[in-house]
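Asks: With the input below, show me the fold.
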Amino acid sequence: MTHPLRSLSLGLLLSLGLVLISWWNLFAWSVVPVTELDVWHAVSAFDSQAIAQRIVIDLRLPRLLTALLVGASLAAAGTIMQGLTRNPLAAPSVLGVNAGAALGMALVSTLPFLYGALGTSIAAMLGGGLAWLLVMLLGSAWRMGGNEHGRLVLAGVAISALCAALTKAVVIMEEDQAAGVMTWLAGSLADARWQTWQSFWPVAVVGLIGAVLLTPSLNLLQLGEDNARNLGINLLYSKLIGSVLVLVLVGASISAVGSIGFVGLIVPHMARLLMGQDFRIFLPVAMVLGAALVTLADTLSRAVTYPMETPAGAILALIGAPFFIYLVRKRTL
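Replies: Next up, the predicted model:
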């Protein structure tokens with residue numbers, strides 16, 4: 001089997017898997033019983049008087065669409081970060097971007113004057129951008145060519161811990177908002193509605209298109225900065241654009257559903273294992289895998305403590321933390 005045919009076959013299988021997971025998400029573990037037939041009728045011949053169909057259209061469908069786009073966005077952000085730094089341990093959750101964005105969101109959620117001035121998406125992007133800048137300065141990644149992988153990860157852990165501590169301090173000082181902020185920090189799609197989707201998808205789609213357009217530059221960066229520069233790549237421009245895309249994708253996702261981590265760490269490795277090293281091929285595959293992973297985590301979040309819900313971010317952390325430990329050991333042994 002030729003490589004293009006193998007890639008096409010894998011892509012079709014992944015797409016089929018994503019469709020099946022999405023279909024399952026629409027009716028699984030509902031307090032009010034929802035069947036496959038209810039889902040079919042809701043999308044083909046909607047009856048506003050049927051409660052099950054209303055649940056599908058008003059609750060499950062916007063939640064599913066948001067989960068798909070959040071997964072694709074976080075996976076794309078992680079792929080870009082690993083390409084820019086040439087560090088297999090790089091991910092928004094590892095290098096402080098998620099924690100910084102969460103701090104920005106916590107500040108605007110508890111301080112009304114900031115909410116009126118910035119809004120949630122801008123606050124998340126600014127918080128993530130500041131954390132990312134601090135990590136890069138501490139890790140000296142730009143100056144040293146991105147080769148100090150261990151230093152970069154340590155800087156990310158330190159900044160993440162600092163942002164987490166500040167976030168907790170903000171929550172403690174504003175106890176009235178504590179419950180809502182803590183639920184949001186856990187990362188959950190339970191409150192995703194059509195309003196969430198409508199404000200989220202335009203930003204995310206622009207970021208995903210930009211990520212796809214950046215793939216040729218990411219491929220050349222893997223040859224080394226000197227070789228990439230000799231081949232005509234403007235390193236500063238490419239890294240700046242890539243960093244902005246990461247902040248847009250992560251900030252929009254976190255402002256929509258809260259702090260969901262580890263997708264950007266796990267999924268690029270899975271896509272690379274399946275499709276090889278060409279960013280033009282495995283980045284779109286990473287988007288599909290990320291969408292499937294977050295949708296699956298959201299479905300399982302309803303099953304763990306049914307009829308209560310466990311945040312999807314907690315499900316992903318249970319998967320991602322052991323995987324991160326495995327990667328660290330693989331890099332150090």
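
Asks: where does M144 land on pLDDT?
Replies: You'll see M144 listed with a pLDDT of 44.

Asks: and stretch 152-170, how far out from the chain's middle?
Replies: In terms of Cα atoms, centre = their mean, to the nearest Å, the centre of stretch 152-170 is found 18 Å from the chain centre.

Asks: what does stretch 209-224 give?
Replies: How far stretch 209-224 lies from its chain's middle: 19 Å, per Cα atoms, centre = their mean.

Asks: do the same with stretch 8-19
Replies: On the basis of Cα atoms, centre = their mean, stretch 8-19 sits 20 Å off its chain's mean C-alpha point.

Asks: What of stretch 106-123?
Replies: Distance of stretch 106-123 from the chain centroid (Cα atoms, centre = their mean) equals 21 Å.

Asks: Tabulate the CA atom coordinates of it in CSV.
Replies: Extracted C-alpha coordinates of stretch 106-123, given in CSV (Å, rounded to 0.1, in the frame of the first residue of the first chain):
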residue,chain,number,x,y,z
ALA,A,106,-10.7,34.4,36.7
LEU,A,107,-9.8,38.1,37.0
VAL,A,108,-12.5,39.3,34.6
SER,A,109,-15.0,36.9,36.1
THR,A,110,-14.5,38.2,39.7
LEU,A,111,-13.7,41.9,38.9
PRO,A,112,-16.7,43.5,37.1
PHE,A,113,-14.7,46.6,35.9
LEU,A,114,-12.3,44.3,34.0
TYR,A,115,-15.1,42.3,32.5
GLY,A,116,-16.6,45.5,31.1
ALA,A,117,-13.2,46.6,29.7
LEU,A,118,-11.9,43.4,28.2
GLY,A,119,-14.4,40.6,28.0
THR,A,120,-13.6,36.9,28.5
SER,A,121,-11.9,36.0,25.2
ILE,A,122,-9.6,39.0,25.2
ALA,A,123,-8.7,38.4,28.9
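
Asks: Identify each buried residue in that stretch, please.
Replies: Burial within stretch 106-123, assessed by neighbour count using 16 or more other Cβ atoms under 10 Å, is assigned to 106-111, 118, 120-121, 123. Backbone N, C-alpha and C define where each C-beta goes, glycine included.

Asks: Confidence-wise, which of those comes last?
Replies: L118 (70).

Asks: and the gap between the closest residue to that residue other than its chain neighbours and A123?
Replies: The shortest distance from L118 to any non-neighbouring residue, by Cβ to Cβ, 6 or more residues apart in numbering, is to V108 (5.6 Å). Shown here: V108 relative to A123, a distance of 4 Å by Cβ to Cβ, to the nearest Å.

Asks: Ok, E309 next?
Replies: 26 Å.

Asks: the strands in the stretch 201-333 of the chain, which residues?
Replies: Remark: no strands are assigned in the stretch 201-333 of the chain by DSSP state E, counting those that start in this stretch.

Asks: Determine the longest helix present in the protein.
Replies: Counting residues, the longest helix in the chain under DSSP state H turns out to be helix 194-221.

Asks: so what secondary structure elements neighbour that helix?
Replies: Applying 3 or more Cβ pairs under 8 Å, 6 or more residues apart in numbering; DSSP states H and E, we find helix 194-221 packed against helix 61-85, helix 225-230, helix 235-257, helix 279-301.

Asks: list the buried ones in that helix?
Replies: 196-197, 200-201, 203-204, 207-208, 210-211, 214-215, 217-221.

Asks: Equivalent analysis for stretch 122-142, please.
Replies: Neighbour counts over stretch 122-142 (16+ other Cβ under 10 Å) mark 123-132, 134-136, 138-139, 141 as buried.
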